[in-house]
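S.K.: using only what follows, build the 3D model:
(chains A and B)
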2 protein chains.
Amino acid sequence: MDAEEFRRRGMEMVDYVANYLENIEQRPVYPDVEPGYLRSLIPTEAPLEPDNYDDIIKDVDRVIMPGVTHWHSPYFFAYFPAATSYPALLADMLCGAIGCIGFSWAASPACTELETVMLDWLGKMLNLPEHFIAGTHGHGGGVIQSTASEATLVTLLAARCKAVRRVQASNPEKSEAEILSKLVAYTSEQAHCSVERASLIGGAMIKKVPTDNNYAVGGDMFKKMLEEDKAAGLIPFYFCATLGTTASCAFDRITELGPICNKENIWMHIDAAYAGSAFICPEFRPLLNGIEFADSFNFNPHKWLLINFDCSTMWYVLYVYILWDTKTCLTKGELLIFFSHWGIPLGRRFRSLKMWFVFRMYGIQGLQHVGLAKEFESLVRADKRFEICAEVIMGLVCFRLKGSNRLNELLLKRITKSREIHLVPCQLSGRFVLRFAICARTTDSRHIQQAWRHITQLTFEILQEPNH
Amino acid sequence: MDAEEFRRRGMEMVDYVANYLENIEQRPVYPDVEPGYLRSLIPTEAPLEPDNYDDIIKDVDRVIMPGVTHWHSPYFFAYFPAATSYPALLADMLCGAIGCIGFSWAASPACTELETVMLDWLGKMLNLPEHFIAGTHGHGGGVIQSTASEATLVTLLAARCKAVRRVQASNPEKSEAEILSKLVAYTSEQAHCSVERASLIGGAMIKKVPTDNNYAVGGDMFKKMLEEDKAAGLIPFYFCATLGTTASCAFDRITELGPICNKENIWMHIDAAYAGSAFICPEFRPLLNGIEFADSFNFNPHKWLLINFDCSTMWYVLYVYILWDTKTCLTKGELLIFFSHWGIPLGRRFRSLKMWFVFRMYGIQGLQHVGLAKEFESLVRADKRFEICAEVIMGLVCFRLKGSNRLNELLLKRITKSREIHLVPCQLSGRFVLRFAICARTTDSRHIQQAWRHITQLTFEILQEPNH
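M.R.: Below you'll find the model as predicted:
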């Protein structure tokens, strides 16, 4: 394919993409396929000779689309939002064309520099403390990670490194292995499984702090665990606080937890993967109070901020990248930013272009909107057969039918089978709960109302059945 | 921006991309900017109100392009190739539009299934052993990682987990920390720094095996180290072999190393990040002999196989994903593939679309080409002032001026400053060596000849100067 053919095929693809997104509402949001469906639809080996491009595009409709869960359908209420917008798609086309691998400044200066400045822009939109802003001579800075899981892992590793050095400074006789075996990380029992995974990878023990009635961790419970663990000879070194848990969007009380961490030399990382985007709205910013105590902070603009996956933004104080990786790769005294030292992968795409296009095409004011969860919540509250299971703060409503878990499992099963809307469950206090997350950029009141009519219709049918 | 405007802007962007790639040869390959250049060219904060799209595009030319190192210029001979092709760019547009997050089968069945089948296609193109192929009831399978660094880390973690379980099975009294402190990983002294980094992250000791005159690790030296370490009470658990080292494209002798690893219960991972793509050519496939002893294998189609970054493909036997992550996230007895258990990030893009488009648009035969390094090598060999520093096997030529390191550093400095071609150095046996890597898809004989004329012209000038 030469440039001329690419022009033609590219324009066709732009049109395909526009049609797909414009008419996504007409597609069943959840696919009607069984595991293994795809293998039988395509050859078992790559062709020796080139195929025809038109056949490939036909196969997108024949093979791919029937197996896609449409995350950008306005009837998609599952998991969490996956951001998208036309400006981000355009920027990603440019990113693909430039195709640089930005592991060091010299490998493509614009790639490193735009990322640093975009993270400053976003940090200022969130009103982050000055020590997270790079500026021209700052002591902190931001970086794009692929996912929040990676951000958590990187901060845990940095914290581990810092803790080992601190302990060895006063106890030079202790081996690294000995110290490692005493290190304890903490997180909420409601935290995302990636936090536990990070500790497994880092070879550090992790303890789950029990939550209160709002599924949030408070200072008292954490302090109690710390005292017990210290008395047992353990070394607390890392706390991952969650702002906006996956299950119910609960907020750990970081204004209580932060001072404890600072006093005890515990690295506080804040994982606001889902909720973080909302902090650009003045009305939600108070939920981030306490950030001034944090050593690192992460959230996912690729969830809510119109920037396509992957774009998980993370800020920390600059000494970190010197901390966790000095034994390898550091280039002789180089003061430039080497983003390859800030994360797990060395190579990286020019992802900040997406941020630049989106921030400029929408403007800060154009981004300051949060979904319609309150509308759905009031529909649920008005129906006495249902209950709300956690406070609705942002774009997530946790609800269930009053009654058994089995009943609610049945309702979800019917919802999934109907494929008109898509949502997933969670467990809260041992109860099977339905999560209704406002996801698509295009979801409006009409879709919320339609979704609720659909849920209540299925509920009606279930409750008519002999067993209920 | 609505669908209509996206159609218009998308078509403009397609044209921009085509023009960029068509005329990339006219741009200086390496940018003429100083660190910090970008910050002064754009505002310090995001705009409150939307900017104009035309202004953004103008700024791409004003702000971004002057700071880009053009990896796809035919005069780019630095680092290693970054693959690109028009079909891959088209597929990535589609990937962005679908915008699904493929962490589980249900999250988008097509995303998981196409990836599995594409890794089978590619595995068969390389003639991988049957135990790496998923098939319908296979015991192995492939997965796309973002980078080879991640693949190395994931395999080291899996190996660590396997080793701890094995030791505990016969020594139930030993704690995990105690075992961890005895585990040793091995790799070549010529291996990429990401291998050492993986061991640092995983908290395992790593030892570098000395190489022979070809910068390759052989069986004897490795065996000797193993015997010493075992006698000292250590537990060898992981060996990362390199096929095609970063510095000089050396090949560890895996036919010797594999049987040792198998016998000693050492996980052998093969990192063929750069060289792997060439194994689809029958003439290079013998270099992969010994793969049958490996527990895992990885290479980067995003280097040489026309598939844009990121696409690092990795295969391993299926028990792995059960091994390294059982404590978290596993869904009740689910036999489906959850790629989130196969790597560090949970979220993932629909990257297999790029593979599908490229394999079909080129066909296997259309992909079976390896660069023009031999042509450059013969130019170097014909000039008595220069020497070749390592055997030229694929697309990389390591060469230097006979003489001091200082002289060669000066030559590289002049090359970089001229910005007509771009290459980077390496150290081989304490000598400063220039790496000439055939990178761009469009590099042909004309560019090689022009590059050599340029190098010899600069050499001529340097040797004329008083000090030489």
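S.K.: three-state assignment of residue A:150?
M.R.: helix (DSSP: H, G, I helix; E, B strand; the rest coil).
S.K.: and the residue nearest the centre of chain A?
M.R.: With distances taken as Cα atoms, centre = their mean, residue A:273 lies nearest the centre of chain A, 4.0 Å away.
S.K.: any idea how many residues pack against the closest residue to residue A:301 other than its chain neighbours?
M.R.: Nearest residue to residue A:301, sequence neighbours excluded (Cβ to Cβ, 6 or more residues apart in numbering or on different chains): residue A:307, at 4.4 Å. All C-beta spots, glycine's among them, are computed from the backbone N, C-alpha and C. Counted with other Cβ atoms under 10 Å in any protein chain shown, residues neighbouring residue A:307 total 31.
S.K.: shouldn't residue A:307 be within a helix?
M.R.: No: using three-state DSSP, the secondary structure at residue A:307 is coil, not a helix.
S.K.: low-confidence regions, the stretch 101-250 of chain A specifically.
M.R.: The model of the stretch 101-250 of chain A has pLDDT under 70 over residues A:138.
S.K.: if we can go back for a sec, what are the phi and psi values for the residue nearest to residue A:301?
M.R.: Phi and psi for residue A:307, reported as degrees, to the nearest 10, are phi -110, psi 120.
S.K.: list the contacts of it.
M.R.: Neighbouring residues of residue A:307 by Cβ atoms under 8 Å, 6 or more residues apart in numbering or on different chains: A:83, A:85, A:88, A:301, A:354-355, A:358.
S.K.: now with 10 Å?
M.R.: Residues counted as contacts of residue A:307 (Cβ atoms under 10 Å, 6 or more residues apart in numbering or on different chains) are A:83-85, A:87-88, A:91-92, A:122, A:144, A:277, A:300-301, A:313, A:351-352, A:354-359, A:367.
S.K.: how about residue A:164?
M.R.: By Cβ under 10 Å, 6+ apart, the residues touching residue A:164 are A:174-180, A:183, A:235, A:237, B:203.
S.K.: on that earlier part again, in helices only, show me the contacts of residue A:307.
M.R.: Of the contacts of residue A:307, the ones assigned to helices by DSSP state H are A:87-88, A:91-92, A:122, A:301, A:352, A:354-359, A:367.
S.K.: so which one of those residues is the model least confident about?
M.R.: Ranked by pLDDT, the ones in helices among the contacts of residue A:307 bottom out at residue A:367 (91).
S.K.: can you tell me how far that residue is from chain B?
M.R.: According to Cβ to the nearest Cβ, to the nearest Å, residue A:367 stands 9 Å off from chain B.
S.K.: report pLDDT for the residue nearest to residue A:301.
M.R.: Predicted confidence (pLDDT) for residue A:307: 95.
S.K.: residue B:361 versus that one, what's the distance?
M.R.: Going from residue A:307 to residue B:361 by Cβ to Cβ, to the nearest Å gives 29 Å.
S.K.: likewise for residue A:76?
M.R.: Distance of residue A:76 to residue B:361, given as Cβ to Cβ: 31 Å.
S.K.: and for residue A:383?
M.R.: Counting by Cβ to Cβ, the gap from residue A:383 to residue B:361 is 53 Å.
S.K.: those two: which has the busier surroundings?
M.R.: Taking other Cβ under 10 Å, residue A:383 and residue B:361 do not tie; residue B:361 has more neighbours (24 against 14).
S.K.: show me the contacts for that one.
M.R.: For residue B:361, the contact set (Cβ under 10 Å, 6+ apart) comprises A:1, A:9, A:47, A:50-53, A:56, B:85-88, B:90-91, B:306, B:367.
S.K.: same thing but 7 Å
M.R.: Neighbour list for residue B:361: A:1, A:50-51, A:53, B:87 [criterion: Cβ atoms under 7 Å, 6 or more residues apart in numbering or on different chains].
S.K.: assign it to helix, strand or coil.
M.R.: Recorded secondary structure, residue B:361: helix (three-state DSSP).
S.K.: need the contact list for residue A:352.
M.R.: A:114-115, A:118, A:144.
S.K.: again, only this time at 8 Å
M.R.: Residue A:352 sits next to A:111, A:114-115, A:117-119, A:144 when contact means Cβ under 8 Å, 6+ apart.
S.K.: repeat for residue A:55
M.R.: With contacts defined as Cβ under 8 Å, 6+ apart, residue A:55 is in contact with residue B:360.
S.K.: report the buried residues of the helix or strand where it lies.
M.R.: Element membership for residue A:55 (DSSP states H and E) is helix A:53-59. Neighbour-count burial for helix A:53-59, with 16 or more other Cβ atoms under 10 Å in any protein chain shown as criterion, is recorded at A:53, A:56-57, A:59.
S.K.: just stretch A:229-243 next, same as before
M.R.: Using 16+ other Cβ under 10 Å as the test for burial, stretch A:229-243 gives A:229, A:234-243.
S.K.: just checking: which of those residues also lie near chain B?
M.R.: Near chain B, judged by Cβ under 8 Å from any Cβ of the partner chain, there are no entries from these.
S.K.: report pLDDT for the closest residue to residue A:7 other than its chain neighbours.
M.R.: Spatially, and ignoring its direct neighbours in sequence, residue A:7 is nearest to residue B:18 (5.0 Å; Cβ to Cβ, 6+ apart). Residue B:18 is assigned a predicted lDDT (pLDDT) of 98.
S.K.: okay, residue B:18 and residue B:350: tell me how far apart.
M.R.: Separation of residue B:18 from residue B:350 (Cβ to Cβ): 24 Å.
S.K.: good, wrapping up.
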